[in-house]
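turn this into a model:
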Amino acid sequence: MTLLALLSAGPAQPPHRFVFLGADRFAHYADMASLQPEGSGGRIRVFQVVEPDFRAAGDAYWGGWSWWRFDCGAGGKVDRLDFAAVREGGAEGPATPDDAPAYAAVEGGDAFEMLVAACNPDDYDTDAVTLEEAVTHGRAQLAIN
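Numbering: from 1, shown residues only. Here you go, the predicted model:
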């Protein structure tokens, strides 16, 4: 029976490598495990954590994911590609496309912090390796701010 349970469990989730980027209204984390280099930049997934007890339409949420495209070259452009809410417990989606144009990341903003981390991934220590750890860490950061 144990073998049957293992076979039907589905594929294991890939490990995360969450790097804390900062906290304002949300706590932001780049998932370095999602980093996909492309030319002078690439794509990376960023998770934003909401405060405890955040609810929308009666559901409790942990936050949401966004894929970002970035360019490490001169001008440092970033482009948020989508957003997918994450309910408490980890259920995700659906993703909603973000059609806003790419823009230059400005120092001091969360997009700039994401760009610096994505362009220099080896310069950062891991703050969390699971979504639950990122939520716990993020909520502690939000309580400080």
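
would you tell me which helix is longest in the chain?
With secondary structure taken from DSSP state H, the chain has its longest helix at helix 131-144.

for it, name the packing helices and strands.
With contacts defined as 3 or more C-beta pairs under 8 Å, 6 or more residues apart in numbering; DSSP states H and E, helix 131-144 has these neighbours: strand 18-23, strand 27-38, strand 41-49, strand 59-71. Every residue, glycine included, has its C-beta placed from N, CA and C.

the shortest one vs strand 41-49, what angle?
Angle of strand 18-23 versus strand 41-49, following axes from the mean of the first three to the mean of the last three C-alpha atoms, to 10 degrees, is 70 degrees.

lowest-confidence helix or strand of this structure?
Lowest on mean pLDDT, DSSP states H and E among the helices and strands of the chain sits helix 2-8, with a mean of 45.

residue 92: which of the helices and strands packed on helix 131-144 is closest?
For the helices and strands packed on helix 131-144, the distance to residue 92 is smallest for strand 59-71, at 6.6 Å, taking C-beta to C-beta.

who's in contact with the following helix or strand past the closest one?
Per DSSP states H and E, strand 59-71 leads on to strand 77-80 as the next helix or strand towards the C-terminus. Contacting residues not belonging to strand 77-80 are listed as 66-71, 98, 100-105, 111, 114-115 [C-beta atoms under 8 Å, 6 or more residues apart in numbering].

picking up where we left off before, mind putting the helices and strands packed on helix 131-144 in JSON lines, distance to residue 122, mean neighbour count and mean pLDDT included?
Below are the helices and strands packed on helix 131-144 laid out as JSON lines (distance: least, C-beta to C-beta, whole Å; neighbours: other C-beta atoms under 10 Å; pLDDT from 0 to 100):
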{"stretch": "strand 18-23", "distance to residue 122": "11", "mean neighbour count": "22", "mean pLDDT": "96"}
{"stretch": "strand 27-38", "distance to residue 122": "9", "mean neighbour count": "20", "mean pLDDT": "97"}
{"stretch": "strand 41-49", "distance to residue 122": "14", "mean neighbour count": "23", "mean pLDDT": "97"}
{"stretch": "strand 59-71", "distance to residue 122": "16", "mean neighbour count": "20", "mean pLDDT": "97"}
